[in-house]
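Trainee: Predicted model and sequence follow; I will ask about them next.
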Amino acid sequence: MHARVVDIRSAVQVDASHTHAWHILHEASQVEPDEAARMAWYRGDPIAELGQQTAEALVACGRHEDVLAFLRSVKRDLGVELTRGFIPF
């Protein structure tokens, strides 16, 4: 009998990507309440301010913080209040 070798690094990376995606989609829900529209934006709308890449592509290459900063600036421009959480100093 042979032991099954599992590369946990890829599992951790997938989990991190899912967590980052969830975080971004949650933040985007304060701008766009419709889930289908939010997913269409995440997967298909290039963000001019971030090099014409989609949020999904940016998350995949590790730039999730840039997407979050973009969403926060959009919320600020729209006058969307933070309803909960901590405000960074």
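Mentor: Thanks, I have it.
Trainee: least trustworthy helix or strand in the chain by mean pLDDT?
Mentor: Taking mean pLDDT, DSSP states H and E as the measure, the chain has helix 8-28 as its least confident helix or strand, at a mean of 74.
Trainee: the strands in the chain, which residues?
Mentor: Counting by DSSP state E, the chain has no strands at all.
Trainee: Spatially central residue in it, please.
Mentor: I24 (2.9 Å; C-alpha atoms, centre = their mean).
Trainee: which residue sits closest to that residue in space, ignoring its chain neighbours?
Mentor: Nearest residue to I24, sequence neighbours excluded (C-beta to C-beta, 6 or more residues apart in numbering): V67, at 5.2 Å. Any C-beta I mention is one placed from the backbone N, CA and C, and that applies to glycine too.
Trainee: got the phi/psi numbers for R63?
Mentor: phi -100, psi 30 (degrees, to the nearest 10).
Trainee: if I look at it, how far off is T54?
Mentor: Distance of R63 to T54, given as C-beta to C-beta, to the nearest Å: 11 Å.
Trainee: Equivalent analysis for S73, please.
Mentor: Counting by C-beta to C-beta - S73 and T54 are separated by 17 Å.
Trainee: before we move on, what about G62?
Mentor: Between G62 and T54 the computed distance is 14 Å (C-beta to C-beta).
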